[in-house]
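Chemist: dropping the sequence and predicted coords here.
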Amino acid sequence: MSLVSGPGRGGAQDPSPELCIEKHVEYIKGLDKRRDELEYWLTEHLRLNGVYWGLTALHLMGHPEALPRDETIDFVLSCQQDNGGFGASPGHDAHMLYTVSAVQILVTIDAVDELDKRGRGGKHKVGTFIAGLQDRETGTFKGDEWGETDTRFLYGALNALSLLDLLSLVNVPKAVDYVVSCANLDGGYGVRPGAETHAGQIFTCVGALSIAGRLDLVDKERLCGWLSERQLKNGGLNGRPEKLEDVCYSWWVMSSLAMLGRLHWIDGDKLVSFILRCQDPEFGGFSDRPGNMVDVFHTLFGLTGLSLLKYPGLKEVDPV
Ligand SMILES: [Zn+2]
């Protein structure tokens, strides 16, 4: 799956008032055929994430068959390392983020069993790799054996382990304590205790608490107030005060509001029309904001945003 941006630009042509599903399916299928472009090789460090983004987008659009299942499984398993974790591409060191993507892909296409049959150890070995990255003192998680900690890794760990039904391998109450220690006075969360609130980190922290069954610990009124202030006049959402709008925040902000039962605190109609202005109705794909090049990351998060807003023709996405 290529992460090359383009060829089109969101909103470059006449903005379409409708979602161009067929164009977006063709766009994602075409991503795998662009290996001759230099940028394809420069984005090798993200390849497994790219497959996850593309695959999830195709499932939301009701075209799961557009990526061949066997080839997808072969590619995912080729990224697994002897320690049970997954790297971004074959031969790359294992890391939490790619391991989470691998688990999400295998669960999406109902292929977790393939880990036992053809992988380097079954799902328990994958779970053990993830669990080994928990800091038993603080409860948080590292990305790899050397890396720094980040609430993204904590959320990823709980997400993947819950999908594998292996949450018992880690200390969930300690992880919950750590998330609570990242809370700020505005109700939001940062990447670690004392760090500035950011919408992406709110998603990871609220998602982790949701998986742990502890959404009662969230200051809902204050946090949802902050999240609803992310909507700008043009309908788009930003990730922090004073920043530009970006389609991917349709996911980070809206999924958090959905988990907390406050989706209606955003003007959904204005957001839908902003997201649709970011699609390229000619070649498919979404950009971060109108006029920029499209890419697969923003294509997925444009679609998940529309799905949360119950846009017709899309499958419903689970906000967690
Ligand atoms: Zn973005």
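Modeler: Sure thing, it's come through.
Chemist: what score does the residue in the stretch 151-300 of the chain that the ion sits nearest to have for pLDDT?
Modeler: Here the residue of the stretch 151-300 of the chain nearest the ion is residue 248; by C-beta to the ion that distance is 3.3 Å. In short, each C-beta sits where N, CA and C put it, glycine included. As predicted, residue 248 sits at a pLDDT of 94.
Chemist: who are the neighbours in contact with it?
Modeler: Residue 248 sits next to 288, 297-298, 301 when contact means C-beta atoms under 8 Å, 6 or more residues apart in numbering.
Chemist: at 10 Å instead, please
Modeler: 199-200, 237, 239, 286, 288, 297-298, 300-302, 304-305 (C-beta atoms under 10 Å, 6 or more residues apart in numbering).
Chemist: ok, it to residue 296 distance?
Modeler: 12 Å (C-beta to C-beta, to the nearest Å).
Chemist: which residues of the stretch 1-150 of the chain score low on pLDDT?
Modeler: Along the stretch 1-150 of the chain, segments meeting pLDDT under 70 span 1-4, 12-16, 34-46.
Chemist: just the helices in it please.
Modeler: 21-30, 38-42, 47-60, 69-78, 96-108, 113-118, 123-131 (DSSP state H, counting those that start in this stretch).
Chemist: can I get the longest one in CSV? Just the C-alpha atoms.
Modeler: Taking Å, rounded to 0.1, in the frame of the first residue of the first chain, the C-alpha atoms of helix 47-60 are listed here in CSV:
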residue,chain,number,x,y,z
ARG,A,47,3.7,0.5,5.1
LEU,A,48,1.8,-1.7,7.6
ASN,A,49,-0.2,1.3,8.9
GLY,A,50,-1.0,2.2,5.3
VAL,A,51,-2.6,-1.2,4.7
TYR,A,52,-4.6,-0.8,7.8
TRP,A,53,-5.9,2.7,6.8
GLY,A,54,-6.7,1.5,3.2
LEU,A,55,-8.4,-1.7,4.4
THR,A,56,-10.5,0.0,7.0
ALA,A,57,-11.6,2.6,4.5
LEU,A,58,-12.7,-0.1,2.0
HIS,A,59,-14.6,-1.9,4.8
LEU,A,60,-16.4,1.3,5.7
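Chemist: distance from it to the middle of the chain?
Modeler: Relative to its chain's centre, helix 47-60 lies at 9 Å (C-alpha atoms, centre = their mean, to the nearest Å).
Chemist: other SSEs contacting that helix?
Modeler: Judged by 3 or more C-beta pairs under 10 Å, 6 or more residues apart in numbering; DSSP states H and E, helix 47-60 is in contact with helix 21-30, helix 69-78, helix 96-108, helix 296-308.
Chemist: hmm, back to that, so which of the helices of the stretch 1-150 of the chain gets nearest residue 271?
Modeler: Residue 271 sits nearest to helix 47-60 of all the helices of the stretch 1-150 of the chain, at 16.7 Å, using C-beta to C-beta.
Chemist: near the ion at all, the closest one?
Modeler: No. Residues of helix 47-60 contacting the ion under C-beta under 5 Å from the ion: none, with a closest distance of 12.1 Å.
Chemist: residues in contact with the residue nearest to residue 228 when sequence neighbours are not counted?
Modeler: Counting by C-beta to C-beta, 6 or more residues apart in numbering, residue 265 is the residue found nearest to residue 228 once chain neighbours are left out, at 4.0 Å. Residue 265 makes contact with 224-225, 227-229, 231, 253, 257 under the criterion C-beta under 10 Å, 6+ apart.
Chemist: sort out for me which of these are in helices.
Modeler: 224-225, 227-228, 253, 257 (DSSP state H).
Chemist: can you say which of the residues you listed are buried?
Modeler: The neighbour count (16 or more other C-beta atoms under 10 Å) marks 224, 227-228, 253, 257 as buried among the ones in helices among the contacts of residue 265.
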